[in-house]
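Novice: Below are the sequence and a predicted model; questions follow.
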Amino acid sequence: MVHRPFRLAEIISLMVRYHLEPKRMRLVYPKADKEPNMVLIEGVRGGNSRMKVEKPLIVYDNEGNYTPEIYEVYGY
């Protein structure tokens, strides 16, 4: 799921209520010095309770160019 971070508590609560156990979460930052504007969260139906928080994904560097990881995501 891709959503806004300010809804994270509600997202996790609803996932658990509907038996979708959160497994992986990653925050997406537009730039390293900004606050995150997206959360990526993966759930497994009926899974055990254990979630991995992955390192942040930063979209742009200080010059406004995509970071190397974003180029990998897009396949460049």
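Specialist: Okay, I see it.

Novice: Now the lengthiest helix in the chain: buried residues?
Specialist: Across the chain, the longest stretch assigned as helix under DSSP state H is helix 8-17. Across helix 8-17, burial judged by 16 or more other CB atoms under 10 Å covers 8, 11-12, 15. Every C-beta, even on glycine, is put in place using the N, C-alpha and C of the backbone.

Novice: same check, this time on stretch 24-34
Specialist: Neighbour counts using 16+ other CB under 10 Å place 25-29 of stretch 24-34 among the buried residues.

Novice: Could you tell me how far it lies from the centre of the chain?
Specialist: How far stretch 24-34 lies from its chain's middle: 7 Å, per CA atoms, centre = their mean, to the nearest Å.

Novice: Where do the helices of the chain begin and end?
Specialist: According to DSSP H, the helices that the chain contains are 8-17, 68-74.

Novice: Tell me which residue lies farthest from the centre of this protein.
Specialist: Centroid-distance maximum for the chain: Glu63 at 23.3 Å, with CA atoms, centre = their mean.

Novice: Check that residue and give its pLDDT.
Specialist: Looking at Glu63, its pLDDT stands at 95.

Novice: One more: Tyr76?
Specialist: Tyr76 is given a pLDDT of 83.

Novice: so for the longest helix of the chain, what's the average pLDDT?
Specialist: The model assigns helix 8-17 a mean pLDDT of 96.

Novice: Need the residues that contact that helix.
Specialist: Applying CB atoms under 8 Å, 6 or more residues apart in numbering, the external contacts of helix 8-17 come out as 1, 3, 21-22, 39, 41, 43.
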